[in-house]
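Visitor: Pasting a predicted model and its sequence here:
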Amino acid sequence: MSNDEQHAFEEDWVSPEAIVHIFEASQFAFLASIGLLLFTTATHDTSRGQHALAGISWKTLQLNLLSAFVRVPFQMMTHFFDHWITGVEIVFSIALLGMLVALLELGMLPAAGPRPTEDFNSLAAIISAFLLASIPGLMHHAGYAPYVSLGTSVFLEVAAVIPQRRLFAMVKRMPALASHSLALLVLSRGLRLVVWALMCLGGAHEWSLLLADAVHVYLLWDFFKEYLRSRGSGTSELIIATRARSM
């Protein structure tokens, strides 16, 4: 965000600091989501015949880890990094996600269950995310590098939802903590959607990011409906995923 845009925000009904705080809240919801996955793999009781990460896509976790790394230049080159909380968040996001992915790949989390069979081209997703970010980045007021860093990160996260959505459509139930983790992911992306909407209303014109997270929330909507339905029916341990649509 340029100095002129920051000044405009200060004269408007929402301040740049408020935007940053909502962004921080969205990222901490994501951090909590990953923390729940680590916690459940350490405490889950497999005697019931279900693994801790049943219904959780490993490819999604890998792409989200890459997305966190890609977001680092944006936070270092913009005023977002002036807030120490954002620095803490990105460090812990990379550390927790990196730990989870590494332990899964090394087979050191037996409670997590076997690697799911997933047919998804991660390389194509990475290239597409970069290209989608590069085109508007050439004209972005904040500069090419910061925007491409943030845009690629956001588009990668949208792509990461696809294998998760496909896997969710195939499972019949999920452990409670795994479903809570995905619910936190929905909260995270919903809050970030609010960030882009507020920035667009303030004249920042982050339309591509707004559209990306709108698609992100839409792709998670089937899960969220099932999550609310199971909570409303009093199902505490498992979320029944019988009506999710496949992609």
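Guide: Yep, that arrived.
Visitor: Show me where the protein has its helices.
Guide: Counting by DSSP state H, one finds helices in the chain at the ranges 3-11, 16-43, 58-77, 84-105, 122-137, 144-170, 176-201, 207-232.
Visitor: shaky segments in this protein?
Guide: Applying pLDDT under 70 to the chain picks out residues 1-14, 47-48, 80-83, 138, 140-142, 234-247.
Visitor: ok so, going back, tell me the most buried of the helices of the chain?
Guide: helix 144-170 (a mean of 22; mean count of other CB atoms under 10 Å). C-beta coordinates here come from the backbone N, C-alpha and C atoms, glycine included.
Visitor: so how far is residue 204 from residue 193?
Guide: Computed as CB to CB, to the nearest Å, the residue 193 to residue 204 distance reads 14 Å.
Visitor: likewise residue 65?
Guide: For residue 65 relative to residue 204 (CB to CB), the value is 28 Å.
Visitor: Same question for residue 97.
Guide: Taking CB to CB, one finds residue 97 at 28 Å from residue 204.
Visitor: Out of the helices of the chain, flag the one nearest residue 52.
Guide: Residue 52 sits nearest to helix 16-43 of all the helices of the chain, at 4.6 Å, using CB to CB.
Visitor: quick one: that closest one to helix 207-232, angle?
Guide: 50 degrees (axes from the mean of the first three to the mean of the last three CA atoms, to 10 degrees).
Visitor: on that earlier part again, can I get the helices of the chain in a markdown table including distance to residue 116?
Guide: As requested, the helices of the chain are exported to a markdown table (distance: least, CB to CB, whole Å):
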| stretch | distance to residue 116 |
| --- | --- |
| helix 3-11 | 43 |
| helix 16-43 | 14 |
| helix 58-77 | 6 |
| helix 84-105 | 11 |
| helix 122-137 | 14 |
| helix 144-170 | 6 |
| helix 176-201 | 12 |
| helix 207-232 | 16 |
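Visitor: Select, out of these, the one closest to residue 112.
Guide: helix 16-43 (4.8 Å).
Visitor: so what does that closest one touch, helix or strand wise?
Guide: Contact partners of helix 16-43 among helices and strands, from 3 or more CB pairs under 8 Å, 6 or more residues apart in numbering; DSSP states H and E: helix 3-11, helix 84-105, helix 176-201.
Visitor: With that, I have no additional questions.
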